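Enquirer: got a predicted structure here, sequence first:
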Amino acid sequence: MPYSGTTSTSVTGTPSSPESRFVKNRKAHKIFHYIAGAIIIFTVCFNLRFLFIYQRKILNVNMEVSESNSIQAPPKRVVQEEIEDDDSQILEEGMLPSCKDKWSGMFDPYSSGFINPPKDMQPLPPFTSGDAPICSLNSSADSPIPVILISKGRSASSSTWQVMSRLTGHCFKCEEYPGENHKYQEGLLSRNTPTNNGNWILGYLCSQQKAFKNKRGIIGFKWKPDFFSDTVLNGLRMIAHYTNPQIKIILSRRNILDVILSISKHEYMNEHKQEMRSFAHCSSKDTICIEAHKKFGSGLYIPVEHLLNKLIYMSNFESKLDDYLEEFNVSHIKVTYEKLYYSKDAEEWMRIFRFIGRGPRSKLTKSLVEKAMQHVGTSNSFHNETIKNYEEVRDTLAGTQFEKLLH
C-alpha cells in the first residue's frame, strides 16, 4: 500500500525516508547516553573523593585527641590493674593513719557481755563436747581482719604490729594477751578450763571487731606463749578450724642469742631507772633514748654457765610450737626479725600483707615501712661490741648448733 501522508524533507531539500530518520534518532540517543553516563561517573568520583578527604580529617582529629588523652591519663586497663593491686597508691601519698585507737581491755569470757549460746548449740569442730562458740567473727569486707602475732619478748613485736596496722589502713594499738609474762598468762588461762574450747581467743577477737567496727585494717593481739596447757592447745585447735573469716597467725622469729642480749640490756637499764626515765622504745627524734640504748647495749656481760641451757630451752620451745601448728594444721606464716628490719627491700613485709590479704602486697618500699614505724632500732649489729666477754661466749658456742648465731 503506497504511503499517503506528508513527506518531510532533508536539509538539502531532498525528501527523507522513515528509515533514515530512525537511524539519526538512534545515534542521537547513544550520544545522549554517553554524555549522561560520563556526568554520573564524574559526580560519583567527585563525591567519593570529597568523602575520603572528610573522613581523613576526622581520623586525624581523633588521633590527636587520643594522643592528648593518653598523656593526661593512663589506659583504662592499667588503672584497673593498679586498683586491683592493693592500697599502695594511697599509702605512697603519705595518707598513713594516726595511731589513736588503743585496746586496753583484758577480755574475760565469763563477764564479756556476749549472749550465751543456746544450750542445744554444738561446739565448733574439732570439739565434740564442752562450750559452743561464744560469738561469731564478722567476715565482711569492711570488718577488721583478725590477726595474732606470735613471738618471743624483745623481738620488736610492738613495731611489727604498728607497721602492719598502719599499712592496712587503721592504726590499732594492741596488747599482749593473755598476758605479758608467765604469771599473768597462767592467772588468766587458769580461769579458762580446757572445755572453754578456745573461746578465750574467739571472744577477745569478737570484742575488738565490735569496738572497731567498719574500720577495716586488722585487730588482734600479740601472743608470747610461755607454756603449753590444754587450754592453750585448744585455743590453737579453735584457730585451725575457724575459717570464716580465717584467723591469721603470723609467727615472727628472732635470733635467740639477740633475744637474750636484749633482755639483758633492758634488765640493766631497769637497774638504773632511777637515774633516767624508762626507755622501752625510742622514736627517731628521741636522741636521749637512742643514746641511752647505745650506752646500756654495749659491753654487756653474759654469764656462760647456763647460756647453752637457755639456748637449748628456747630453741626446743620454738620447735614444739612449730610441731603443734603443723599437727593442728593451723594456717600461719613465718617471718624473721632480721629480714623485716635489716633487709634492703620490703619483701618480708609484703609476704605478711599477702598472707593477711590486706595492705600493700606489691611495690612496697623500705622508706614507706620506716615511715609507718614510729620506733627505731636500737640493737648493735656486732656481738664483739655488744658482749663484753665475747671471746668466752664464742668459745662456749663453738662446735654447737648455736655457733651460727654469732655475728
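Expert: Perfect, I can see it now. Numbering: from 1, shown residues only.
Enquirer: please enumerate the strands of the stretch 251-400 of the chain.
Expert: Assigned by DSSP state E, counting those that start in this stretch, the stretch 251-400 of the chain shows strands spanning 332-336.
Enquirer: for it, which spans come out with low pLDDT?
Expert: By pLDDT under 70, the low-scoring segments of the stretch 251-400 of the chain are 274-279.
Enquirer: the same query, at a cut-off of 80, please.
Expert: Scanning the stretch 251-400 of the chain for pLDDT under 80 picks out the ranges 272-281, 284, 376-379.
Enquirer: and stretch 131-150, what's its mean pLDDT?
Expert: The pLDDT scores in stretch 131-150 average 94.
Enquirer: mind listing what's buried along it?
Expert: Residues of stretch 131-150 classed as buried: 131-135, 137-138, 143-150 (neighbour count, 16 or more other C-beta atoms under 10 Å). No exception for glycine: its C-beta is placed from N, CA and C like everyone else's.
Enquirer: and if you look at stretch 385-405?
Expert: Residues 386-387, 390, 393, 396-397, 402, 405 are the ones in stretch 385-405 that count as buried (16+ other C-beta under 10 Å).
Enquirer: how does the protein divide up, domain by domain?
Expert: According to automatic domain parsing, the chain comprises the domains 96-253+320-375, 255-302+377-407.
Enquirer: which of the buried residues of stretch 385-405 lies closest to residue 270?
Expert: Distance to residue 270, by C-beta to C-beta, is smallest for residue 386 among these, at 17.9 Å.
Enquirer: roughly how far does the closest residue to that closest one other than its chain neighbours sit from residue 403?
Expert: In space, and not counting its chain neighbours, residue 386 is closest to residue 380: 4.4 Å by C-beta to C-beta, 6 or more residues apart in numbering. As for residue 380, its distance to residue 403 is 19 Å (criterion: C-beta to C-beta, to the nearest Å).
Enquirer: again, but for residue 271
Expert: Look at residue 271 and residue 403: by C-beta to C-beta, they are 30 Å apart.
Enquirer: kindly report the same for residue 213.
Expert: Look at residue 213 and residue 403: by C-beta to C-beta, they are 51 Å apart.
Enquirer: same deal with residue 120?
Expert: Relative to residue 403, residue 120 is positioned 59 Å away (C-beta to C-beta).
Enquirer: cool, residue 372 as well?
Expert: Taking C-beta to C-beta, one finds residue 372 at 35 Å from residue 403.
Enquirer: again, but for residue 126
Expert: To residue 403, residue 126 is 41 Å away according to C-beta to C-beta.
Enquirer: ok, residue 272 next?
Expert: Distance of residue 272 to residue 403, given as C-beta to C-beta: 32 Å.
Enquirer: repeat that for residue 261.
Expert: For residue 261, the distance to residue 403 equals 16 Å [C-beta to C-beta].
Enquirer: how about residue 141?
Expert: 49 Å.
Enquirer: equivalent analysis for residue 330, please.
Expert: As for residue 330, its distance to residue 403 is 31 Å (criterion: C-beta to C-beta).
Enquirer: swap in residue 319?
Expert: Counting by C-beta to C-beta, the separation of residue 319 from residue 403 is 18 Å.
Enquirer: likewise for residue 393?
Expert: Distance check for residue 393 against residue 403: by C-beta to C-beta, it reads 10 Å.
Enquirer: before we move on, what about residue 296?
Expert: Look at residue 296 and residue 403: by C-beta to C-beta, they are 26 Å apart.
Enquirer: please apply the same query to residue 146.
Expert: For residue 146, the distance to residue 403 (C-beta to C-beta) stands at 39 Å.
Enquirer: ok, now residue 270?
Expert: Distance of residue 270 to residue 403, computed by C-beta to C-beta: 30 Å.
Enquirer: got it, and residue 151?
Expert: Noted for residue 151: a distance of 24 Å to residue 403, by C-beta to C-beta.
Enquirer: now residue 246: phi and psi?
Expert: Dihedral pair for residue 246: phi -70, psi 140, per degrees, to the nearest 10.
Enquirer: that older thread, ok, so of the buried residues of stretch 385-405, who is nearest residue 351?
Expert: Of all the buried residues of stretch 385-405, residue 405 has the smallest distance to residue 351: 23.1 Å, by C-beta to C-beta.
Enquirer: quick one: pLDDT of that closest one?
Expert: 98.
Enquirer: just to revisit the earlier point, please flag which of the buried residues of stretch 385-405 sit within helices.
Expert: Cross-referencing the buried residues of stretch 385-405 against helices under DSSP state H gives 386, 390, 393, 396-397.
Enquirer: ok, which stretches of the stretch 251-400 of the chain are helices?
Expert: Assigned helices in the stretch 251-400 of the chain, in chain order: 256-271, 287-296, 307-327, 337-342, 347-356, 366-372, 383-386, 390-397 (criterion: DSSP state H, counting those that start in this stretch).
Enquirer: out of those, deepest packed?
Expert: Mean neighbour count, computed with mean count of other C-beta atoms under 10 Å, is highest for helix 347-356 among the helices of the stretch 251-400 of the chain, reaching a mean of 20.
Enquirer: where does the stretch 51-200 of the chain dip in pLDDT?
Expert: Of all residues in the stretch 51-200 of the chain, those with pLDDT under 80 make up the ranges 51-95, 99-120, 172.
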